[in-house]
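S.K.: I need the structure of the sequence given here:
(one chain, ligands or ions: 2)
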Amino acid sequence: MSISPGIHSIAIDDITRRAESAGYTQRSPRSTVEFIGQDLAVCELVDLAKQVADTAATVLITGESGSGKEVLAQIIRQHSGHRSEPFVAVNCGAIPEPLQESEFFGHVRGAFTGANERKIGKLERANGGTIFLDEIGEMSKSLQAALLRTLQSGEYSPVGSSETKFCNVRVIAAANRDLSEMMDAGEFRRDLYYRLNIIRLEVPALRERKCDIPLLSEHFARTLGAKYGKAGLRISQEAIQVLMTYDYPGNVRELENFVGRAAILCRGGVIEPEHLPAEATDLNPQQEILDRLDDFQSAKAHAVEKFERAYITAVLQKCGGIISRASAYSGLSERNFHEKLKRYAINAKSFRGPVRG
Ligand SMILES: Nc1ncnc2c1ncn2[C@@H]1O[C@H](COP(=O)(O)OP(=O)(O)OP(=O)(O)O)[C@@H](O)[C@H]1O
Ligand SMILES: [Mg+2]
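M.R.: Ligands and ions are numbered 1, 2, ... in the order given. This is a model prediction of the structure:
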């Protein structure tokens, strides 16, 4: 499989339109969706997504919140044969359980109290295109059963109707909760899981691919700078190095927020460390120790690990991923450097590129 590092970008043709109703977005093409990353696992992931895009296979995307599951779903859609057909995103977690079936399948007039008008469901809106089921773990048990039927036969019935309708929709589901645990607890149907899990794409957490932070930060400085009236906004290498020391429990979304906030705060044309929030700059290490107060040895080991990871990443960044150079720069032996790369699962090659100085 060929692996293409860098920016995985696609141009779309129409206007992006966000529907008003909660938990529902309908995108039609004319924004540019980019899955930015150079980490080896990310490149493989994007290549796999493109490879499966033009099949009818159901795809399950897993990964922590904010890691880019929806961006990946957009990439799949854009490389599929129905790229100009609707893309309807449904956030199952944003729709109260009793309303989920009618949101999804629609309802007929009088189906329940308050159903004064016939309602077209998301499935019908997505017909011919793609439906993106976000937070699938939040789907009610009764919708899970009905969805399984639709996946198997293409059939469905609007709430309150005995009519059988047919749809032809590509399903992409996403989950950030552990579905296996939910199945064990009887909260998620096993048969539905197997039906969804035909192709599984796992988006790694940002802390596991810190080498993507420079590209992502530069991208966000450019795009968010333009959004906030600061076209050409850049981010300094020092600021990027600070951003690389943080662990991002909120993943790419959190990084995007950091850079967006900095874009608003900075006065010149360059984001510097002082524009970044305190949690990223770790100005308050005391607080972090208090937050997870362990015995002394564990607390110290955690701090050392955090420092080492950030240090190794920063040196590799500076030395363009060349280990001999990074080892000379740091004063660590090459063997020692290799051991640390292994321990922290850092891929030196993904830092290859222009040497930063
Ligand atoms: N690789 C990437 N390149 C560019 N932008 C990204 C990338 N990954 C995530 N983003 C941006 O980060 C934000 C969060 O991404 P996204 O909505 O796809 O995450 P998610 O995994 O679906 O999150 P959630 O679990 O909360 O639904 C979005 O604004 C998205 O544009
Ligand atoms: Mg999402």
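
S.K.: how many neighbours does the residue in the stretch 201-350 of the chain positioned nearest to ligand 2 have?
M.R.: Proximity of the stretch 201-350 of the chain to ligand 2 (C-beta to the ion) peaks at R253, 9.0 Å away. From N, CA and C alone the C-beta is placed, and that goes for glycine too. Using other C-beta atoms under 10 Å, R253 has 15 other residues around it.

S.K.: and it, helix, strand or coil?
M.R.: helix (DSSP: H, G, I helix; E, B strand; the rest coil).

S.K.: on the three-state scheme, the residue lying closest to it once chain neighbours are set aside is what?
M.R.: Excluding the flanking residues, the one nearest R253 by C-beta to C-beta, 6 or more residues apart in numbering is G66, at 3.2 Å. Classification of G66 by three-state DSSP places it in coil.

S.K.: check which helix or strand covers F132.
M.R.: According to DSSP states H and E, F132 maps onto strand 130-134.

S.K.: what pairs with that strand, parallel or antiparallel?
M.R.: Strand 130-134 sits in its sheet next to strand 87-91 (parallel), strand 170-175 (parallel), going by DSSP bridges.

S.K.: out of the ones you listed, which comes closest to ligand 1?
M.R.: strand 170-175 (6.0 Å; C-beta to the nearest ligand atom).

S.K.: anything in the very next helix or strand once past the closest one near ligand 1?
M.R.: Sequence-wise, the next helix or strand downstream of strand 170-175 (DSSP H and E) is helix 179-184. No: on the criterion C-beta under 6 Å from any ligand atom, helix 179-184 is out of touch with ligand 1, staying 13.5 Å away.

S.K.: buried set for helix 179-184?
M.R.: L179, M182, M183 (16 or more other C-beta atoms under 10 Å).

S.K.: do stretch 307-323 as well
M.R.: Under 16+ other C-beta under 10 Å, the buried positions of stretch 307-323 are 309-323.

S.K.: gap between P96 and ligand 1?
M.R.: Counting by C-beta to the nearest ligand atom, to the nearest Å, the separation of P96 from ligand 1 is 18 Å.

S.K.: what number of residues lie near that residue?
M.R.: Other residues close to P96 by other C-beta under 10 Å number 10.

S.K.: check V242 too.
M.R.: 21.

S.K.: what do you get for C43?
M.R.: C43 has 20 nearby residues by other C-beta under 10 Å.

S.K.: what do you get for Q74?
M.R.: Neighbours of Q74 (other C-beta under 10 Å): 26.

S.K.: coming back round to it: which residues touch the residue nearest to R253?
M.R.: G250, N251, V252, R253, E254 (C-beta atoms under 8 Å, 6 or more residues apart in numbering).

S.K.: for A205, see how far away it is.
M.R.: 9 Å (C-beta to C-beta, to the nearest Å).

S.K.: anything in contact with each of these two?
M.R.: Contact criterion C-beta under 8 Å, 6+ apart; residues shared by G66 and A205: N251.

S.K.: quick check: residues of the stretch 1-150 of the chain near ligand 1?
M.R.: Counting by C-beta under 6 Å from any ligand atom, the stretch 1-150 of the chain sits next to ligand 1 at 34-37, 63, 65-71, 134.
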